[in-house]
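**Student:** need a structure here:
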Amino acid sequence: MKTILVPLDLTAASEHAVVYANKLAVRWPAEIVLLYCHHGPTPTAAEMQTLEQRLRTLAERLRYQQLTRQDGRRIRYHYRVVSGCLHDHAQPEATRCAADLLVMSLEHIDCGRPDVAGNHAAAIINLVACPVLVVPPGRLPLPSSAVFSADFDKLDTHLLPRLSALAKAFPAPLQLVQFYSPHHRPDRMRLKRALEKARPQLTWPAITTHLLEDDDQLEGTSEFCARTQTQLLVVAPTSSALLRRLFDACYTTTRAYHTQIPVLVLRQPQPTMVCCERCARHEAQGAAQRTEAIH
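**Tutor:** So this is what the prediction gives:
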């Protein structure tokens, strides 16, 4: 059985994430863990029970309103209330329940602090190892079309089996899209090979590939999704800066197309960073010693 972790802030906006997770849980199938992180003073045992009951009531109300009785009975819910902020508990809770997917609202409020839409989502994605699905406001259908936009030439191929594991949850035709800038035109053949190499490693019902030229990969992706009426965008950012830009206020405020559909983010391993030349030398010496030990 798969497990979907759904962090809630108990606002009306976060209900959309539960509604979407319910649909996935029926189709996949999967069980759902509802997580509420209580900011402020540590609640008493009685207050913790009250908060957990609020989660139960919310789950039962949405199950009754949204699903048929047969589908509703298929979903098994678990409830978790912890004290603190989501960014402190996201990874431990994802590990504890062995989450295959984390589903959260684009407008999730963390630490009781409303922030520019998407900022909290970008922070949580950087913390957890499992894929994260960011759901915008609104009642959205499960996708009938999906786009996977990435730099396939630099893509960590270990992510592809993880994405394939989600194919049953999103059994829609998948379009693989690789953008390149005009000054990378000489690299088109290499990029095309990387794109085609990824294709057979994905177990999707139907896959097509596109190699497109655009100065800006993110804006090109959003325009491509709008043009093809995509209902799910899959991305694998190569840096934290790209991830933050994905949910930047300039896009959420102007309602760019990719902020109006669910975005599934696959976290790629980030290169090791060093803080100074001394640390760089220490890291180089350690790497040399490890190499000698191997040989």
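**Student:** in the stretch 101-250 of the chain, what spans have low per-residue confidence?
**Tutor:** 116-117 (pLDDT under 70).
**Student:** now the strands: where do they sit in the stretch 1-150 of the chain?
**Tutor:** 2-8, 30-38, 77-83, 101-105, 132-135, 146-149 (DSSP state E, counting those that start in this stretch).
**Student:** What are the buried residues along the longest helix anywhere in the chain?
**Tutor:** Ordering each helix of the chain by length in residues (DSSP state H) puts helix 45-66 first. Across helix 45-66, burial judged by 16 or more other Cβ atoms under 10 Å covers Met48, Leu51, Arg54, Leu55, Leu58, Ala59, Leu62, Arg63, Gln66. C-betas here are computed from N, CA, C, even on glycine.
**Student:** From those residues, pick the one nearest Ala25.
**Tutor:** Arg63 (10.1 Å; Cβ to Cβ).
**Student:** ok, now how distant is the closest one from Asp216?
**Tutor:** Taking Cβ to Cβ, to the nearest Å as the measure, Arg63 falls 42 Å from Asp216.
**Student:** cool, and Arg267?
**Tutor:** Distance from Arg267 to Asp216, by Cβ to Cβ: 22 Å.
**Student:** quick one, domains of this protein?
**Tutor:** 2-135, 146-265 (automatic domain parsing).
**Student:** Just put the buried residues of helix 45-66 in TSV and tack on distance to Pro205 and pLDDT.
**Tutor:** Formatted as TSV, the buried residues of helix 45-66 follow (distance: Cβ to Cβ, whole Å; pLDDT from 0 to 100):
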residue	distance to Pro205	pLDDT
Met48	44	95
Leu51	41	96
Arg54	39	96
Leu55	35	97
Leu58	33	95
Ala59	31	94
Leu62	29	92
Arg63	28	90
Gln66	25	88
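**Student:** Now Ser181. Its backbone dihedrals?
**Tutor:** phi -80, psi 160 (degrees, to the nearest 10).
**Student:** quick one, what contacts it?
**Tutor:** Glu213, Asp214, Asp215 (Cβ atoms under 8 Å, 6 or more residues apart in numbering).
**Student:** isn't Leu174 right next to Thr203, touching?
**Tutor:** No. Applying Cβ atoms under 8 Å, one finds Leu174 not in contact with Thr203, separated by 10.0 Å.
**Student:** Between those two, which has more neighbouring residues?
**Tutor:** Taking neighbours as other Cβ atoms under 10 Å, Leu174 and Thr203 compare with Leu174 leading, 23 against 14.
**Student:** And that one, how close does it get to Asp9?
**Tutor:** Distance from Leu174 to Asp9, by Cβ to Cβ: 31 Å.
**Student:** Look up the closest residue to Met48, ignoring the ones flanking it.
**Tutor:** Val81 (5.2 Å; Cβ to Cβ, 6 or more residues apart in numbering).
**Student:** what about the one you found, how many residues close to it?
**Tutor:** 19.
**Student:** cool, and Asn126?
**Tutor:** For Asn126, the neighbour count with other Cβ under 10 Å is 17.
**Student:** residues contacting it?
**Tutor:** Going by Cβ under 8 Å, 6+ apart, Asn126 touches Ser240, Leu243, Arg267.
**Student:** what sits against the last one?
**Tutor:** By Cβ under 8 Å, 6+ apart, Arg267 lies in contact with Ile125, Asn126, Val128, Ala129, Pro131, Val132, Ala236, Pro237.
**Student:** Please list the members of these that lie in helices.
**Tutor:** Using DSSP H, the contacts of Arg267 in helices are Ile125.
**Student:** Quick one, which of the contacts of Arg267 are buried?
**Tutor:** Judged by 16+ other Cβ under 10 Å, buried ones among those: Ile125, Asn126, Val128, Pro131, Val132, Ala236, Pro237.
**Student:** will you turn the residues you listed into CSV that also has distance to Val103?
**Tutor:** Formatted as CSV, the buried ones among the contacts of Arg267 follow (distance: Cβ to Cβ, whole Å):
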residue, distance to Val103
Ile125, 12
Asn126, 17
Val128, 12
Pro131, 10
Val132, 8
Ala236, 18
Pro237, 18
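**Student:** which of those residues lies closest to Arg73?
**Tutor:** Distances from Arg73 to those, taken by Cβ to Cβ, are shortest for Pro131, at 26.8 Å.
**Student:** quick one, what contacts that closest one?
**Tutor:** Shown in contact with Pro131 (Cβ under 8 Å, 6+ apart): Asp100, Leu101, Leu102, Arg162, Leu163, Leu166, Leu264, Val265, Leu266, Arg267.
**Student:** do Leu62 as well
**Tutor:** Glu15, Val18, Val19, Asn22.
**Student:** Check Gly40 too.
**Tutor:** Gly112.
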